[in-house]
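Peer 1: kindly generate the corresponding structure for this input.
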Amino acid sequence: MRGSSTDRLLGIAGVVVAAVLWGTTGVSATFAPAVSAVAIGAAAMGIGGLLQASIATRAIARNAKALCAQWPWLLVGALAVAIYPLAFYGSMRLAGVTIGTVVSIGSAPLLSALIEMAMDGVRATAQWLIGAALGIAGMVLLCGAESSAHSANAAAAPSLLGGVALGLLAGLTYAIYSWAARRLMQRRIPARATMGSVFGLGALMLMPVLMATGAPLLASWSNAAVGLYMAVVPMFVGYLCFGYGLARIQASMATTITLLEPVVAAALAAVVVGERLPPMGWLGVALIVLCLVCISWPIRRATRPPINTSLVLSEKL
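Peer 2: From the prediction side, this is the model:
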C-alpha cells in the first residue's frame, strides 16, 4: 500500500491533469458556433457520463446495495452533474471563454469549503486559506481584466452579467457534485462505482435535453467532431483523472487545484480565439499558479489519511 503522502501527491497530479483537459473545452466549443450552449453541455456531459458508467458497470453492480442505501447523496450528485454543464457552457457563451471559465471554476473552492464546513464540520487550514485567497485574488484580476475590455460596449453588459450569474451556478453545482461524490466514497463505495453511478445517472437526466437540442451537432462533421472530442477527452478522461484525485484529497482541495483550468482556458483563448488578456489578467494567472503551489506543498505534520484507500486502489482508476 502506498504511503499517505504519495497518495496525496498522486491525487493532486490527477486533478491537475483533469484541470488541463477541462481548460480546452471553452475554445473547443467556439469551433461549433451554430450549436447552442445547452446542446454542447448536454452532449459533452451526457455522452461522457454514459462512457463513465459503461466502464464502471461491474463496480456499480458489486456496490449496488451500498449505492441504494446512499441514494439521497447519489441523487444530489447526479442532479448537480446534470445542471453543471448547461450553466458552464452557457456562461462561456454569454461572457466569453475566460470569464465563464474563471467564474465557474474560481467560485467552486469557496463554495466547496462552505459546504464542507456546514455539512461535515471541516475546518479550513491556514495553508488552504492562503492558497485559496491567492486563487480568488487571481480570479478577480482575470475577471477585472476582461470586464474592462467590455466596458466600452454597453450592450454587452447584460450578457456579461448573465454569464457571471450562470458561472456562479456552475461553480455551486460543481462544488455540490464533488462533495457528494466524496461523501459516497467515505461510505466505503469505491471511486469507480461512485463516479460511474453519479455521472451515469446525471447523463441519463441530460438525454432528453440532448434529444431536444442536439440536431445541429449532426449538421456537419466539424460540429460532430467538437461534440465527440468534448465528450471523450475532457469529460471522460478528465473526470477519470478527477475521480482518481478526489479519492485521495479533500473536495475543497480538489476544487481549488482546478483553478488551473481558467489559466489554461485564458491562454488558449488568447492564442486560438484571439481574446486578448491585458497585463492585469496575466497577474491573475500568476496568482493562480502561486495558489496551486501553496495548497500542493507537502505538510510535515500528520495529515488525515485518504478515505477507503484499499478499495480505491484496487479499482485502479
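Peer 1: please make it C-alpha for all contacts and neighbour counts, starting now.
Peer 2: Fine.
Peer 1: would you confirm that A39 contacts L206?
Peer 2: No: with contact defined as C-alpha atoms under 8 Å, A39 does not reach L206; the gap is 9.6 Å.
Peer 1: how many residues are close by S112?
Peer 2: A count of nearby residues for S112, using other C-alpha atoms under 10 Å, gives 27.
Peer 1: do the same with Y229
Peer 2: Residues lying near Y229 (other C-alpha under 10 Å) number 17.
Peer 1: packing partners for the helix or strand harbouring it?
Peer 2: Using DSSP states H and E, Y229 maps to helix 221-230. The contact analysis (3 or more C-alpha pairs under 8 Å, 6 or more residues apart in numbering; DSSP states H and E) places helix 221-230 against helix 25-29, helix 37-54.
Peer 1: can you tell me which of these is most buried?
Peer 2: Comparing these by mean neighbour count (mean count of other C-alpha atoms under 10 Å), helix 37-54 comes out on top with a mean of 26.
Peer 1: tell me the angle of it relative to helix 221-230?
Peer 2: Relative orientation of helix 37-54 versus helix 221-230 (axes from the mean of the first three to the mean of the last three C-alpha atoms, to 10 degrees): 50 degrees.
Peer 1: any idea how far the helix holding Y229 is from the middle of the chain?
Peer 2: Distance, stretch centre to chain centre, for helix 221-230: 20 Å (C-alpha atoms, centre = their mean, to the nearest Å).
Peer 1: check stretch 45-52 too.
Peer 2: In terms of C-alpha atoms, centre = their mean, the centre of stretch 45-52 is set 14 Å apart from its chain centre.
Peer 1: what average pLDDT does that stretch get?
Peer 2: The pLDDT scores in stretch 45-52 average 91.
Peer 1: give the other helices and strands that the one helix or strand I295 maps to contacts.
Peer 2: Element membership of I295, judged by DSSP H and E, is helix 279-296. Under the contact definition 3+ C-alpha pairs under 8 Å, 6+ apart, helix 279-296 sits against helix 126-150, helix 251-257, helix 260-268.
Peer 1: these: which one's closest to L67?
Peer 2: Between L67 and those, the tightest spacing by C-alpha to C-alpha is seen for helix 251-257, at 19.6 Å.
Peer 1: just the C-alpha atoms of that closest one, please, in PDB.
Peer 2: The C-alpha coordinates for helix 251-257 follow below in PDB (Å, rounded to 0.1, in the frame of the first residue of the first chain):
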ATOM      1  CA  ALA A 251     -13.100  18.100  -2.200                       C
ATOM      2  CA  SER A 252     -12.200  21.600  -1.200                       C
ATOM      3  CA  MET A 253      -8.500  21.000  -2.200                       C
ATOM      4  CA  ALA A 254      -9.500  19.300  -5.400                       C
ATOM      5  CA  THR A 255     -11.700  22.200  -6.500                       C
ATOM      6  CA  THR A 256      -9.000  24.700  -5.500                       C
ATOM      7  CA  ILE A 257      -6.400  22.900  -7.700                       C
END
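Peer 1: now find how far off-centre it is within its chain.
Peer 2: In terms of C-alpha atoms, centre = their mean, the centre of helix 251-257 is set 10 Å apart from its chain centre.
Peer 1: just the residues contacting it, thanks.
Peer 2: 12, 15-16, 19, 105-106, 108-110, 112-113, 116, 128, 132, 135, 175, 178-179, 182, 245-246, 291-292, 295 (C-alpha atoms under 8 Å, 6 or more residues apart in numbering).
Peer 1: report the mean confidence score over the host helix or strand of G171.
Peer 2: Assigned by DSSP H and E, G171 belongs to helix 157-186. The average pLDDT within helix 157-186 is 86.
Peer 1: tell me which of the helices and strands packed on helix 279-296 is the most buried.
Peer 2: Highest mean neighbour count among the helices and strands packed on helix 279-296 (mean count of other C-alpha under 10 Å): helix 251-257, a mean of 27.
Peer 1: quick check: I60 touching S197?
Peer 2: Yes: I60 is within contact range of S197, at 6.6 Å (criterion: C-alpha under 8 Å).
Peer 1: neighbour count winner among those two?
Peer 2: Taking neighbours as other C-alpha under 10 Å, I60 and S197 compare with S197 leading, 29 against 22.
Peer 1: circling back: quick one: closest of the helices and strands packed on helix 279-296 to G48.
Peer 2: Closest to G48 of the helices and strands packed on helix 279-296 is helix 260-268 (C-alpha to C-alpha; 18.4 Å).
Peer 1: mind giving me the packing neighbours of the closest one?
Peer 2: Here helix 260-268 touches helix 4-22, helix 25-29, helix 97-106, helix 279-296, going by 3+ C-alpha pairs under 8 Å, 6+ apart.
Peer 1: tell me which of the ones you listed sits nearest to P262.
Peer 2: helix 97-106 (5.0 Å).
Peer 1: tell me the buried residues in the helix or strand following the closest one?
Peer 2: Proceeding N to C from helix 97-106, the next assigned helix or strand is helix 108-120, under DSSP H and E. Buried residues in helix 108-120, counted by 16 or more other C-alpha atoms under 10 Å: A108, P109, L110, L111, S112, A113, L114, I115, E116.
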